[in-house]
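[1] Compute the structure for the input listed below.
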Amino acid sequence: MAENRALSQGEIDALLNQIPEGGEAEAGDGVAAATTPLDTGFSRVIKAYDFRRPDKFSKEQWGTLQSMYEAFSRFAGASFSSRLRTLVNIRLSSIDQGLYEEWQAQVPSQTACYVLSMQPMTGNIVVEFNLDVASEVVDRMLGGNGVLIDRTREMSDVEVGLLRSFSSVVAQSLQEMWSAVVPVRSQLQDFGLDAGLIQVASPTDVVLTAFFEVSVGNHLGAMSVCVPYTVLEPITSQLSAQVWFSSGRPQASTDEERLLMEALLARSELELQVELGSVELPTSSMLDLQLGDTIVLDQRVGRPLDITVDGRARFRGLPGMSGKQLGLRVTDVVEQEYGFDAPAATGLRLPPDQLTSGVPLAALPSPSEEDQPDAPIQLHPDPIESPSDGAPPPATHAA
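    Numbers count the residues shown, from 1 in each chain. Below you'll find the predicted structure:
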């Protein structure tokens, strides 16, 4: 039976002395060999992973986000230019994933911050302008040429109010950017001038940050957008290139959209013009014109006149009288190459104040060659006679 006792110090030293001198080197070589690629064709790659900053987006999603923020820079540049009445260029500098406290450390402590909601998504995002851009916006909105605000003083309540009202322009650009993925309604929730006091996420929460270079007039500035991952998490599956590019394709209008478009167009006012005729005269004859002279036009009596809309002939009709006012009866529809379809005669109605009898002009019976119809409009094929009181004759060249 083996004796159950502990080794003495001398026995331990004796065992250590029996280890070869190259053992440490061989052991080191063994460790090094374990970390080198194996000869079997497989390699073991060790990648560092930061548990405080986990990767939340795939390569395809990064490409989609890049395209979205580039589109946002174009939308915002056009909206800012229209609102400030000057050329505004916005260019995407970088887009990255980090922690909320890191974004707060990157932006200036004194800066203009818009806290915006993104309904139906939960949570808020932050759009930040540095004071150079903010002061340019304030001065332009007040009608100036863009004077930077002295940073040593605080903004007044009027200036803060102007910056708050400018949030609608920012919100509109965000809505246009996200409309390609999911329709959102962006509204201002808060406004502040200190990024350290804006809390839309905890300091260690993962956020998506995008930084832009802004050129307003002769001044350069910076802008950034901070979106917490908790806001994007429900729609990450829709951040794909297929969804982004398919949203840019034109889609057929639905019946409801067509009806709405027709209703909007129906309220539009158009000007109809009728030309009785024209004539070319030399300058000498124009200079010799006197009161009572008759100008013979190139239009024959009884021939339909062109009724033009926006300079293009749409209908033809015959002139006449309706009570004590001039009238025109539509007799023909001009067919256009681009497929213009004229409405039915019963649907072509003028406002009541433009109808003396209340009867649609297009609904009147068309004239025939044998006789003239018994209608409110009487045709006048005879030459125009001058009034007996010596008053000048009415103009005969245009109506």
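
[2] At which residues are the strands of the stretch 101-250 of the chain located?
    Counting by DSSP state E, counting those that start in this stretch, the stretch 101-250 of the chain has strands at residues 110-119, 124-130, 185-194, 206-216, 219-228.

[3] can you list those strands in CSV and add distance to F57, mean pLDDT and mean neighbour count?
    For glycine as for every other residue, the C-beta is placed from the backbone atoms N, C-alpha and C. Converted to CSV, the strands of the stretch 101-250 of the chain look like this (distance: least, C-beta to C-beta, whole Å; pLDDT from 0 to 100; neighbours: other C-beta atoms under 10 Å):
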stretch, distance to F57, mean pLDDT, mean neighbour count
strand 110-119, 17, 91, 20
strand 124-130, 16, 92, 23
strand 185-194, 22, 91, 16
strand 206-216, 8, 92, 21
strand 219-228, 12, 91, 20
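
[4] Can you say which of the ones you listed is nearest to I90?
    strand 206-216 (5.3 Å; C-beta to C-beta).

[5] Distance to Q290 added to the strands of the stretch 101-250 of the chain, as TSV?
    Below are the strands of the stretch 101-250 of the chain laid out as TSV (distance: least, C-beta to C-beta, whole Å):
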stretch	distance to Q290
strand 110-119	72
strand 124-130	71
strand 185-194	70
strand 206-216	63
strand 219-228	66
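
[6] of all the ones you listed, which lies closest to S285?
    Closest approach to S285 among the strands of the stretch 101-250 of the chain is made by strand 206-216 (59.9 Å; C-beta to C-beta).

[7] by contact count, what packs against that closest one?
    helix 59-84, strand 88-99, helix 100-106, helix 131-141, strand 219-228, helix 229-232 (3 or more C-beta pairs under 8 Å, 6 or more residues apart in numbering; DSSP states H and E).

[8] So for L328, which of these sits nearest?
    helix 59-84 (42.1 Å).

[9] Give me the mean pLDDT for the closest one.
    For helix 59-84, mean pLDDT is 88.

[10] now swap in stretch 325-345 and tell me
    On average, stretch 325-345 scores 67.

[11] Stretch 300-317 now?
    85.

[12] In that stretch, which residues are buried?
    304-308, 314-317 (16 or more other C-beta atoms under 10 Å).

[13] end to end, how far does it reach?
    One end of stretch 300-317 to the other measures 13 Å (C-alpha to C-alpha, to the nearest Å).

[14] before we move on, back to that, can I get the buried residues of stretch 300-317 in a markdown table with distance to E159?
    Shown next, in a markdown table, are the buried residues of stretch 300-317 (distance: C-beta to C-beta, whole Å):
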| residue | distance to E159 |
| --- | --- |
| P304 | 65 |
| L305 | 61 |
| D306 | 59 |
| I307 | 56 |
| T308 | 53 |
| R314 | 54 |
| F315 | 57 |
| R316 | 62 |
| G317 | 61 |
